[in-house]
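Chemist: give me coordinates for this.
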Amino acid sequence: MSEEELEQFEKSLQSFLQHANVEELNYLRRESTRKYNQSYYSHKAKELGVQLDYYMKEFVVWEWMMRLS
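Modeler: Below is the predicted model of the structure:
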């Protein structure tokens, strides 16, 4: 490989690594949000003495629909 090709490869690799890092951080943010929501809704369902599935269908969807209107 020529010097120019090596420089281009290095730039491309750095760009790839930067994008991979951003995607990893996005994944961690999504997963932490998902786990928090799951824990929160489980706690709320337990508080009301209902199953999580029922709570999600009856209360979470309703909250979401109210926000849209």
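Chemist: contacts only, for the most centrally placed residue in the chain.
Modeler: When CA atoms, centre = their mean is applied to the chain, the residue found nearest the centroid is residue 30 (1.3 Å). Residues near residue 30 by CB atoms under 8 Å, 6 or more residues apart in numbering: none. To be clear about C-beta, it is placed using only N, CA and C from the backbone, and glycine gets the same treatment.
Chemist: tell me the gap between the helix or strand hosting it and the middle of its chain.
Modeler: Taking DSSP states H and E as the definition, residue 30 sits inside helix 3-48. The chain centroid and the centroid of helix 3-48 are separated by 7 Å, computed with CA atoms, centre = their mean, to the nearest Å.
Chemist: any idea how far stretch 38-52 is from the chain center?
Modeler: Distance, stretch centre to chain centre, for stretch 38-52: 21 Å (CA atoms, centre = their mean).
Chemist: hang on, residue 54 packs against residue 45?
Modeler: Yes: Residue 54 lies in contact with residue 45 (CB atoms under 8 Å); the separation is 7.3 Å.
Chemist: neighbour-wise, which of these two wins?
Modeler: residue 45 (19 against 11; other CB atoms under 10 Å).
Chemist: contacting residues for the more buried one?
Modeler: Contact analysis of residue 45 by CB under 8 Å, 6+ apart lists 51-52, 54-56.
Chemist: please apply the same query to residue 48.
Modeler: Counting by CB under 8 Å, 6+ apart, residue 48 touches residue 55.
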